[in-house]
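Peer 1: Just need the structure, nothing else, for what follows:
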Amino acid sequence: MPSALTRVLPLMMAAITLGACAQEPPPPPPEDPCPHIGIDTMEGDWIKVQGSKADHRSRFRITGTPGDYDAVLVAGFWTKMRMEGTKRDTDYVFEEVLEGKFADEYRTGFRTKYRMYVEPNKKTCSLRAVIAQVELKEDGKEKEKPRTPGFEEFLQDPKQVEFTYQRPDGYVFLDAAAANRSVAESQLKEFEGYPKPETQLGEAIKVGVFTQASADGPDSCSYTFDLYFDDKPYKGRRDSPSEAAGKNLPAGQVSGGYRHWFVPAWYAPYGGNHHFEMYRYKSCSGERELIGINDLEAVLH
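Peer 2: As a prediction, the model looks like this:
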């Protein structure tokens, strides 16, 4: 007959084995495929992608801190819209900020505004968004119209090309108005506060801005400007591009209390809608300080 020890030994070994299994640590969680994508890691620049193609005309920049994000949206072409964000459980809602006459036009039904829903998508390591135009109806209710039937996908900008996101605070003028302040002022009267929004395309378009020198800063400072065309750095002629063509250009002399920021020959022989931007700077102690941004979306024909 088996002894008592022989009968008990298998039970003791089983208990030891079970105890050892119980002390093993739990398996690690699955590896995050994209730790930089999340509800609290949205800061930065994002560009729309469709398949393998990127469309920089649809992009947004998210700023702020987790839980308190805002955005600038470019929803096609070049208008930069300031958006205030609200965090929800799994996404953010960004609402276009309308002020002054634009807010009045929205309240009276003469214009729409943009609303954007953004959430992280771990499956594609992207942000997916619904971008909608919102209309205020006569009954006081809002009607949303998404610009696509489903989500749009946005990837982080790889920074291979510089794009502009800052909102302008003034206009540039073209052709005769770029060179003559009286012509520029007459255009503002004729077009109700806007420059003439069209010109003939060509290889030597005049582009200019007039500012009050006293508002720019002290006479002892130096004044320069950078140029952007269709939201990218202007590089001059297509057959001989140069990184320096639109960077750190000197402003003109002050005359009659006005400083003239002038480009005598902007190369833009492309038909259709195009965007001219001028970033104006002053340097008083060696470091450039942005003092203004002027732009114009013009039709070239």
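
Peer 1: residues in contact with the helix or strand hosting E297?
Peer 2: When elements are assigned from DSSP states H and E, E297 belongs to strand 288-300. For strand 288-300, the external contacting residues (Cβ atoms under 8 Å, 6 or more residues apart in numbering) are 77-79, 166-174, 195, 197-201, 205, 209, 211, 216-217, 224, 261, 268, 270-283. The way it works is simple: take the backbone N, C-alpha and C, and place the C-beta from them, glycine included.

Peer 1: Got a PyMOL select line for the buried ones in these?
Peer 2: The buried residues among the contacts of strand 288-300 can be selected in PyMOL (16 or more other Cβ atoms under 10 Å) with this line:
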select buried, resi 78+168+171+172+173+174+195+199+205+209+211+216+217+224+261+268+274+275+276+277+278+279+280+281+282
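
Peer 1: Which of the contacts of strand 288-300 fall in strands?
Peer 2: 170-171, 173-174, 198-199, 205, 209, 211, 224, 261, 268, 272-283 (DSSP state E).

Peer 1: hang on, the earlier thing: how far off strand 272-283 does the strand holding E297 point, in degrees?
Peer 2: 160 degrees (axes from the mean of the first three to the mean of the last three Cα atoms, to 10 degrees).

Peer 1: residues in contact with T199?
Peer 2: Contacts for T199 (Cβ under 8 Å, 6+ apart) come out as L174, D175, I205, A298, V299, L300.

Peer 1: partner strands of the strand holding E297, parallel or antiparallel?
Peer 2: strand 170-171 (parallel), strand 198-199 (parallel), strand 272-283 (antiparallel) (DSSP bridges).

Peer 1: want to throw those strands into a markdown table with distance to K247 and mean pLDDT?
Peer 2: Output for these, formatted as a markdown table (distance: least, Cβ to Cβ, whole Å; pLDDT from 0 to 100):
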| stretch | distance to K247 | mean pLDDT |
| --- | --- | --- |
| strand 170-171 | 20 | 96 |
| strand 198-199 | 24 | 90 |
| strand 272-283 | 10 | 96 |
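
Peer 1: could I get those as a markdown table with distance to L73?
Peer 2: Below are the strands paired with strand 288-300 laid out as a markdown table (distance: least, Cβ to Cβ, whole Å):
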| stretch | distance to L73 |
| --- | --- |
| strand 170-171 | 21 |
| strand 198-199 | 26 |
| strand 272-283 | 16 |
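
Peer 1: wait, which of the ones you listed is closest to Q160?
Peer 2: Closest of the strands paired with strand 288-300 to Q160 is strand 272-283, at 19.6 Å (criterion: Cβ to Cβ).

Peer 1: quick one: low-confidence parts of this protein?
Peer 2: Residue ranges of the chain with pLDDT under 70: 1-23.

Peer 1: show me where it has helices.
Peer 2: 4-22, 100-107, 176-179, 181-190, 213-216 (DSSP state H).

Peer 1: quick revisit: between the strands paired with strand 288-300, which gets nearest to F229?
Peer 2: strand 272-283 (6.5 Å).

Peer 1: sorry, back to before: now, among the contacts of T199, which is nearest to K137?
Peer 2: Nearest to K137, judged by Cβ to Cβ, of the contacts of T199 is V299 at 32.1 Å.

Peer 1: H260 reaches Q253, doesn't it?
Peer 2: Yes. Contact criterion Cβ atoms under 8 Å: H260 and Q253 qualify, at 7.1 Å.

Peer 1: From the neighbour counts alone, determine which of those two ranks first.
Peer 2: H260 (18 against 9; other Cβ atoms under 10 Å).

Peer 1: Does the more buried one have any beta-bridge partners, and if so which?
Peer 2: F210.

Peer 1: and it, what does it touch?
Peer 2: Contacts of H260 by Cβ under 8 Å, 6+ apart are R181, G208, V209, F210, A251, G252, Q253, V254.

Peer 1: quick one: the last one and F210, what's the gap?
Peer 2: This means V254. Look at V254 and F210: by Cβ to Cβ, to the nearest Å, they are 10 Å apart.

Peer 1: the more surrounded of these two?
Peer 2: Using other Cβ under 10 Å, the more surrounded residue of V254 and F210 is F210, with 24 against 16.

Peer 1: Pretty sure that one sits against Y258.
Peer 2: Yes. Under the criterion of Cβ under 8 Å, F210 makes contact with Y258 at 4.9 Å.
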